[in-house]
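# Show me how the following folds:
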Amino acid sequence: MKKKNVIFSVALFALGVLITLAPISFAKVCPVGEKVMKCFWTGRVVVFLGIGTALISAIRFFIASNDFAFAADFATAINAAGVILFPTAIIGVCGNHAMQCNAITKPSLIVLGILTLVVLAVDFALRIINRKSEKKS
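As a prediction, this is how the structure comes out:
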């Protein structure tokens with residue numbers, strides 16, 4: 001097992017766990033009251049996307065195939081894009097800017113989604129470079 005594969009798999013797993021935990025722990029969405037707010041549904045979807053990211057990276061940890069890693073990176077990138085888009089454009093969060101979901105949850109999810117995309121971009125670039133160097137030798 002290559003060291004880079006382990007590092008990127010563990011980093012993506014940690015980000016997946018953080019994405020999963022964000023709406024239910026450190027960046028909570030609004031509680032359900034008389035009315036279910038938009039941020040509640042955003043939180044539910046993001047938990048699902050975080051679980052998917054963590055599972056894909058856990059499987060990626062055990063499978064060292066370069067082709068599988070490319071496919072796993074693509075699937076994780078779709079999840080990361082969803083983590084950014086659900087609180088901003090698709091479902092959204094509460095309209096009141098003073099609410100916790102707007103002040104903490106939304107920025108936290110955007111940052112976690114961007115971090116995931118950055119890790120994926122670095123991993124993808126290194127894999128392309130390695131693939132080109134393997135073809136030359």
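
# Tally up the residues packed near Thr53, please.
30 (other CB atoms under 10 Å). From N, CA and C alone the C-beta is placed, and that goes for glycine too.

# list the buried ones in the one helix or strand it maps to?
Following DSSP states H and E, one finds Thr53 within helix 38-62. Residues of helix 38-62 classed as buried by neighbour count (16 or more other CB atoms under 10 Å): 38-43, 45-47, 49-50, 52-54, 56-57, 60-61.

# cool, stretch 14-26 as well?
Using 16+ other CB under 10 Å as the test for burial, stretch 14-26 gives Leu15, Gly16, Leu18, Ile19, Thr20, Ala22, Pro23.

# Nearest to Gly33 among the residues you listed?
Nearest to Gly33, judged by CB to CB, of the buried residues of stretch 14-26 is Pro23 at 16.5 Å.

# Who are the packing partners of the longest helix that the chain contains?
Ranked by residue count under DSSP state H, the longest helix found in the chain is helix 106-136. Under the contact criterion of 3 or more CB pairs under 8 Å, 6 or more residues apart in numbering; DSSP states H and E, helix 106-136 touches helix 3-21, helix 66-85.

# need the contact list for the residue nearest to Asp123 when sequence neighbours are not counted.
Take Asp123 and drop its neighbours on the chain: the residue closest to it by CB to CB, 6 or more residues apart in numbering is Phe8, 4.4 Å away. Neighbour list for Phe8: Arg60, Val119, Val122, Asp123 [criterion: CB atoms under 8 Å, 6 or more residues apart in numbering].
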